[in-house]
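Asks: mind looking at a prediction? Sequence and model below.
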Amino acid sequence: MSDPLILIRAVHFAATLMLAGTLIFGAAVGGPALRGIDGGAVRARLLQIAWLSLAVALISGFGWLVVLASQMSERVPDQVLFDGTAWTVLLHTTFGHACLVRLAWAASLMAVLYSISPKYSGASRWAIAALLAAAFTLGLVHSGHAAATRGGLGTLHRAADGLHLIAAAAWLGGLLPLALLLVAARRGTVPLAAAFDATTRFSTLGVISVGSLLATGIVNSWFLAGGVPALVGTDYGRLLLLKVALFVAMVAVAAVNRLRLTPRLASAAAAPGGHAKRDGLRALIRNSLIEAALGAAILIIVGMLGTEPPGAHAQPTWPFAVRPSDAAFGDPQLRADLARALWAAGGGVLLGALLAAVGLAARRRRWWLIAGGGAIAVACIAYFAPTLSLLTVEAFPTSYYASPTGYSAASITRGADLFATHCASCHGRHGRGDGPAGRFFRTKPSDLTADHVYAHMDGDLYWWVVNGMGAVMPPFGAVLDEDARWNLIDFVRANADAARLARTAAKVTNVGFRSPDFSAACPDGSAVSRDGLAGRIAHLVLAGPGAHERVAQLAARGGDTVTIAVPLEGSETAGACRASEVELAAALVQLGGRTVADSSGSEFLVDGSGALRALWYPGAKPDWRDAEVLQREIAAIRDNPVAGRTTGSHPRGH
């Protein structure tokens, strides 16, 4: 918590949620429960909390603006106040605009709060104040990660984030007001019947809030968490898991309140002389304060989450020695063994859980059933563990790293140069494990065009490039920088794809190979790119000298196939979309598996998802220069628009 922004965010969120929660409590819980009785003292205390929360929110909001401006300009807070930097952030950023809007809501809320008298219920004014406080809270959406999500998904993300904030305010912010009302009931200034009414209403509000928090939390996690590897392998993910754990603890305490303590309070309120009985009140007050403390811890975590990059945008460090893998299902025998083990182990665990549940649900708990059920579940898992272990493979801290290059043509061509310099002596010029230095090794260098390459994740390859493989391969972490490592991995991928793409014999299959990133300018002024095909099929042509007529013929076609000429030296590409990136031609030559001199006229079909589906070069059969043959191959892509990625055999065998 060395970053002051974390503390300021936490305080601001706490004050804002307390403000909204207190007023929502006053309008939806306390007001109806205290109607018709003398509840002026409680309403006065609620107004005090609201005013104090609003003051803290405004002060901390100002501090947030100053600290943020200081960090953005790399100047001390004193300077940004007097040199205009804070005003620039306020007037020219999304965060600043949100601050101004929220300030307007705060001013309106002040006017309404000033008009509320604690002597009268004033239900309509409490409701208006609650709505204004909710609007003030919703403005926080534009200060978090949701503000960075664009388009229609951004609208969904911000809507979910806003509802998440309101639900949190209604529950967390209402806990202290509830405790104060219960304390008043314990002292006898408020009837037990009113306390029971308020507790019941707040319990219902809590159920709605918890449901909303769960639903919106799932949506927010989908945008930001980044999957299981990011949850356990990034600071953002671990903080999110801690937040979820605290949330579960709050729900457990709330469940005790609703299922055990509230009925006890109802009995006390209904019994003769109930005003003298305070059974359950002390426990309810205690649990409400425990919930509030857990909520305060969650708000500190929220302050920290806002300063961390989302898990979806960070490289996760995998903390386990193994990771899940479905490669074993590629082997028919292993697939059958795994299916039997999964069914048997799953059935045993289900039976054990059922027996344990029966034992717990019995009027007098049957411990022998609980113990027997647990023993059955553990025994099934232990017995089938060796077979189920086939669903895991060795993992490394970097296993779930993702390449930041976008698989660009420039990255592939640079990787080819790096491979020739650092790797070809052992792995061979084409990566087949036949380099001249490899014959002196006891263990033959790996064939980097073999199936096992596809069983390894990019992060696995990254680990081996940096750290080596024991006595088999030296480390290159000190020789290659971050970018160079990923360039090398991109080339290894492209080289393995090239070995398989050449075997397609100009035929479209249901297997796809990732295309290098490309963009092209078209004669009509439009542009086309790999990631912007939107379902169209791209026909890439390596246009060398003499390819002008073929390019013009293809460009004249109609339909949803776009022709993209990738010029080689001395070529003309009039009439077709033209890819201007110099490295793209070199990358396609690499994928074609031919020399530059022999690559002129080579053609590639790329489906709407950006996957290479087939390669043709002059002389290959079937001949794509026959319009009917080419149309048949294009139709094969339309009939099978989603291609599977090439997969290798189970990695345990390598």
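Replies: Sure thing, it's come through. Residues are numbered from 1 along each chain as shown.

Asks: list the contacts for Gln553?
Replies: With C-beta atoms under 8 Å, 6 or more residues apart in numbering as the criterion, no residue contacts Gln553. (C-beta placed from N, C-alpha, C; glycine too.)

Asks: helix or strand: which one has it?
Replies: Assigned by DSSP states H and E, Gln553 belongs to helix 548-555.

Asks: how about that helix: buried residues?
Replies: His548, Arg550, Val551, Ala552, Leu554, Ala555 (16 or more other C-beta atoms under 10 Å).

Asks: C-terminal to that helix, what's the next element?
Replies: strand 561-567.

Asks: average pLDDT for that next one?
Replies: On average, the pLDDT along strand 561-567 is 91.

Asks: so what are the sheet partners of it and their directions?
Replies: Note on strand 561-567: by DSSP bridges, its sheet partners are strand 537-543 (parallel), strand 577-578 (parallel).

Asks: looking at these, which is buried most?
Replies: Compared across the strands paired with strand 561-567, strand 537-543 shows the largest average neighbour count, a mean of 24 (mean count of other C-beta atoms under 10 Å).

Asks: which residues touch it?
Replies: So strand 537-543 is contacted by 518, 528, 530, 547, 550-551, 554, 560-568, 571-573, 576, 579, 585, 588-589, 592, 599-608, 634, 637-638 (C-beta under 8 Å, 6+ apart).

Asks: let's go with 7 Å and repeat that
Replies: Strand 537-543 is touched from outside by 528, 547, 550-551, 554, 560-568, 571, 573, 585, 588, 599-608, 634, 637, with contacts defined as C-beta atoms under 7 Å, 6 or more residues apart in numbering.

Asks: for stretch 172-184, same thing?
Replies: By C-beta under 7 Å, 6+ apart, stretch 172-184 touches 17-18, 20-22, 24-25, 29-30, 41-42, 45-46, 49, 190, 195, 198, 202, 205, 281, 284-285, 288-289, 291-292, 295.

Asks: which of the contacts of strand 537-543 are buried?
Replies: 528, 547, 550-551, 554, 561-568, 571, 573, 585, 588, 599-608, 634, 637.

Asks: measure Ser73 to Leu176 for me?
Replies: 38 Å (C-beta to C-beta, to the nearest Å).

Asks: who's more crowded, these two?
Replies: Leu176 (22 against 15; other C-beta atoms under 10 Å).

Asks: what score does the more buried one have for pLDDT?
Replies: 93.

Asks: got the buried residues for stretch 51-61?
Replies: Ser53, Leu54, Val56, Ala57, Leu58, Ser60, Gly61.

Asks: CSV for the residues you listed, including secondary structure?
Replies: Formatted as CSV, the buried residues of stretch 51-61 follow (DSSP: H, G, I helix; E, B strand; the rest coil):
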residue, secondary structure
Ser53, helix
Leu54, helix
Val56, helix
Ala57, helix
Leu58, helix
Ser60, helix
Gly61, helix
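
Asks: thinking again about what came up before, drop anything exposed from the contacts of stretch 172-184.
Replies: Among the contacts of stretch 172-184, the ones that count as buried by 16+ other C-beta under 10 Å are 17-18, 20-22, 24-25, 29-30, 42, 45-46, 49, 190, 195, 198, 202, 205, 281, 284-285, 288, 291-292, 295.

Asks: okay, and which of these map to helices?
Replies: Within the buried ones among the contacts of stretch 172-184, residues falling in helices by DSSP state H are 17-18, 20-22, 24-25, 42, 45-46, 49, 195, 198, 202, 205, 281, 284-285, 288, 291-292, 295.

Asks: quick check, Asp467 in contact with Gly477.
Replies: Quick fix: residue 467 is Asn, not Asp. Yes: judged on C-beta atoms under 7 Å, Asn467 makes contact with Gly477 at a distance of 6.4 Å.

Asks: give me the domain ranges for the chain.
Replies: Following automatic domain parsing, one gets these domains for the chain: 4-313, 322-394, 409-500, 507-645.

Asks: check these for me: which has the lowest mean pLDDT.
Replies: domain 322-394 - the lowest mean pLDDT of those, at a mean of 84.

Asks: output stretch 344-362 as PDB, nothing but the C-alphas.
Replies: Only the C-alpha atoms of stretch 344-362 are listed here, as PDB (Å, rounded to 0.1, in the frame of the first residue of the first chain):
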ATOM      1  CA  ALA A 344     -15.600 -43.900 -12.400                       C
ATOM      2  CA  ALA A 345     -13.800 -41.200 -10.400                       C
ATOM      3  CA  GLY A 346     -16.700 -38.800 -11.000                       C
ATOM      4  CA  GLY A 347     -19.300 -41.400 -10.000                       C
ATOM      5  CA  GLY A 348     -17.400 -42.200  -6.800                       C
ATOM      6  CA  VAL A 349     -17.000 -38.600  -5.800                       C
ATOM      7  CA  LEU A 350     -20.700 -38.000  -6.500                       C
ATOM      8  CA  LEU A 351     -21.700 -41.100  -4.400                       C
ATOM      9  CA  GLY A 352     -19.500 -40.000  -1.600                       C
ATOM     10  CA  ALA A 353     -20.900 -36.500  -1.600                       C
ATOM     11  CA  LEU A 354     -24.400 -37.900  -1.600                       C
ATOM     12  CA  LEU A 355     -23.700 -40.100   1.400                       C
ATOM     13  CA  ALA A 356     -22.100 -37.200   3.200                       C
ATOM     14  CA  ALA A 357     -25.100 -34.900   2.400                       C
ATOM     15  CA  VAL A 358     -27.500 -37.500   3.800                       C
ATOM     16  CA  GLY A 359     -25.500 -37.800   7.000                       C
ATOM     17  CA  LEU A 360     -25.500 -34.000   7.400                       C
ATOM     18  CA  ALA A 361     -29.200 -33.600   6.700                       C
ATOM     19  CA  ALA A 362     -30.300 -36.300   9.200                       C
END
